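> Pasting the sequence and the predicted coordinates here, then a few questions.
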Amino acid sequence: MLAPAVVAVYLAATPHGSHRPLMLAVAAVMFAVAAATWRAAPWIARSRARVTVQALGVLVSLAGSATLSLLDGGIHGPLGALVPITVVFYAIMMPPRPFAVTGVLAAVAYWVVAVLGEPAPAGYAVVYTLGLGGVSILCMRHAAALATLRRRLSEASRVDPLTRSLNRRGFDEQLERAVARARHGGEPVTLLLADLDKFKIINDTWGHRAGDAVLAATARTMSGALRDTDRVGRLGGDEFGALLTGTGPDDAPAIVDRLRAALEHGAPASLGYASCPAEAGTVEELRRLADARAYADKTTRGGRVPVERHVELAREQAAGPTAARVTRTERRRRSIADMGRICAADSFVGAVYAAGFATQSPHRLALGVVCVLGVLYGLGVIAVAGRLSRSAYVRPLMALNAVPLLALGIAAPVLDGGVSSPTGVGMLAPMTLFALGARLRVAVPMLALNAAAYLVLAATVGDAGPAYAIMHLLCFGVVAAACAAQGRASAERRRRLTDMSHTDALTGLLNRRGIDDRIADRLRAGHPMGLVLFDLDGFKTLNDTAGHAAGDELLVWVATTLTANAPSGSVIGRLGGDEFVALIPDAEVQAEAERLRAALAPRTAASVGAAGSDADGADFAALYAHADAALYAEKAARRHGAIVA
């Protein structure tokens, strides 16, 4: 509805201009098509004809915008920017391939108006085509990068950071969808549960790092033994799950036997499975049946499990591929680099204009120098974007960066005759990309300053009429507002996904990834801290005898109890299984650890290890290693009778 809205304002302000009835009719048709498409958007999204409907909407928009521009005098008239600015709007909404087709159609429409309309200054059409084409491509790349970032964050929120398999949240989502398909579509699915044998001995004897290595090796073994269509997840502690798609009760035993044989070489496990819809009709029924069979399998499996060999094999295996990490500065770095790219691209187009079209301008040489400086400055911003994004002073530095960008944008039209000259678009083009990439509280004042400078320049330099300046500013302002809304919505989705990727699905505490980042933040800020590890005693027995539901209930209680009793300013997390961590102010760490152990005592005993950032380490790995060693020293002492449990 961009073009009809802008045109309605313009027609209301200039009712006595040429072709007003026809322009009003064209705008009304465009508005009707846009409104109908907007109202029918949910139906269109589900329809097989959605591509055709969307294509027709784009054609109506481009044809209508071109017609309005032509009726109003051509590309140098007040509505001359309708077609190219519409393309910028589509750049943040469309995938690359459809946008490429749209961009070509828009270029054809714009040049038809340029040829048939009233003459424009030399190079005007070239500058607008190249300049706004470049802005459109940058906006499309930025929007695509934000979509990729959201996808990666979404994947991270569903992946266990230790094993790289699905975490409980991701596995449960896959399970619910598979059960729904099995019930309504008839495609069978089998839920397989695997519970590692004697895993507690590994943790208690060699420490959590050895246990972590076994867990990661188990996930790799399961993924390698199953089919590409099957999904593996770590459900908590030493419990894994697998979804065997297209598999019913007749086919499942062979797959389970193959998996059992693969695990025997690394970390043997008790296995249980259940199939939907043949044996169970709901997720809970599947879980109960598979859990019961896994427990029955455990009770019938005798003999000593060679846990030493498990640890040796896990340590011998090369570490699996790590997931691409989504850093906090990634979006910031891209936004900074894109501002450099838009400066360099606009300045390059200006240099082309100065060299090829501004032959009669008395300031041609100065204009060329300004444009070359703009190219160099933009390339410099791109080169230092990574360093700037990591700086503690990034916000004031970027605010300062806006000054030369604005100065370069003003200098070119001042030398070229005002905002109605071909280089005038250089002041407006960056608005859309800046609105898309910057935070709202930063973007609004910068955009307001840019708009004010544009209006002042329009009133003092050159002969641009009020209608030309106001309509061009309004067109770009409306699209900038749409970009800002898109950027804000994208930022909110990223924030939610980031929270999910740092949160344990069962307890709501920070997970391993979240704890790691939080500790890094605290240490970077110079805050002393203590790290306390808690390992619940007897949790494996509870899971094996009372079932995983009882174990889950205890884990939630422990999370609530630690959170309620930890000192003010503490951070509580669950690292996996029955292992919890408390990040507390570094004052009497050992005393706080004992106090928290006492708070847990009414329902569960716990082994505890503590470390302080002043004496034991400067990052999560070092603090974790020291606290883990202390925890298992306590366990060893207890086993030898030095501590009375």
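Yes, it's here. All values derive from a computational prediction rather than experimental measurement.
> Name the next helix or strand following whichever strand or helix holds Asp499 along the chain.
Applying DSSP states H and E as the criterion places Asp499 in helix 466-501. Using DSSP H and E, the next helix or strand after helix 466-501 towards the C-terminus is helix 512-524.
> Give me the mean pLDDT for that next one.
Taken as a whole, helix 512-524 carries a mean pLDDT of 78.
> ok, now stretch 270-287?
90.
> Endpoints of it, how far apart?
15 Å (CA to CA, to the nearest Å).
> List the buried residues for that stretch?
By neighbour count on 16 or more other CB atoms under 10 Å, the buried set for stretch 270-287 is 270-277, 279-280, 283, 286-287. Where you see a C-beta, it was placed from the backbone N, CA and C, and this is true even at glycine.
> Check stretch 201-216 too.
Under the neighbour-count rule (16+ other CB under 10 Å), stretch 201-216 has 202-208, 210-216 buried.
> So which of those residues are in helices?
202-206, 208, 210-216 (DSSP state H).
> Any chance of the buried residues of stretch 201-216 in a markdown table with distance to Arg638 and pLDDT as columns?
As requested, the buried residues of stretch 201-216 are exported to a markdown table (distance: CB to CB, whole Å; pLDDT from 0 to 100):
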| residue | distance to Arg638 | pLDDT |
| --- | --- | --- |
| Ile202 | 17 | 76 |
| Asn203 | 14 | 72 |
| Asp204 | 10 | 70 |
| Thr205 | 13 | 74 |
| Trp206 | 16 | 75 |
| Gly207 | 15 | 71 |
| His208 | 17 | 70 |
| Ala210 | 19 | 78 |
| Gly211 | 18 | 79 |
| Asp212 | 22 | 81 |
| Ala213 | 24 | 82 |
| Val214 | 23 | 84 |
| Leu215 | 24 | 86 |
| Ala216 | 28 | 86 |
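> Which single one of these is nearest to Asp416?
Ala216 (62.2 Å; CB to CB).
> list the contacts for the closest residue to that closest one other than its chain neighbours?
Residue nearest to Ala216 in three dimensions, not counting chain neighbours: Thr163, with 5.1 Å by CB to CB, 6 or more residues apart in numbering. Applying CB atoms under 8 Å, 6 or more residues apart in numbering to Thr163 gives the contacts Leu215, Ala216, Thr218, Ala219, Arg220, Arg234.
> Quick check: which ranges of this structure have low pLDDT?
Across the chain, the ranges flagged by pLDDT under 70 are 1-3, 266, 301-330, 524-525, 586-587, 618, 639-645.
> Need the residue closest to the centroid of it.
The structure's the chain has its C-alpha centroid closest to Arg150; by CA atoms, centre = their mean the separation is 2.5 Å.
> what's the distance between that one and Gly350?
The gap separating Arg150 from Gly350 is 35 Å, by CB to CB, to the nearest Å.
> those strands in this structure, which residues are they?
Assigned by DSSP state E, the strands in the chain fall at 189-196, 231-236, 239-245, 269-276, 529-536, 571-576, 579-585, 606-612.
> of those, which approaches Arg334 most closely?
strand 571-576 (29.1 Å).
> And that closest one, what does it pack against?
helix 208-225, helix 512-524, helix 548-565, strand 579-585 (3 or more CB pairs under 8 Å, 6 or more residues apart in numbering; DSSP states H and E).
> again, 7 Å this time
helix 512-524, helix 548-565, strand 579-585 (3 or more CB pairs under 7 Å, 6 or more residues apart in numbering; DSSP states H and E).
> which one of these has the most crowded surroundings?
strand 579-585 (a mean of 23; mean count of other CB atoms under 10 Å).
> Mind exporting the C-alpha coordinates of that strand to CSV?
Provided in CSV are the C-alpha atoms of strand 579-585 (Å, rounded to 0.1, in the frame of the first residue of the first chain):
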residue,chain,number,x,y,z
GLU,A,579,24.6,-31.6,37.4
PHE,A,580,23.8,-28.1,38.4
VAL,A,581,26.0,-25.0,38.7
ALA,A,582,25.7,-21.8,40.7
LEU,A,583,27.6,-18.7,39.7
ILE,A,584,27.7,-16.5,42.8
PRO,A,585,29.5,-13.4,44.0
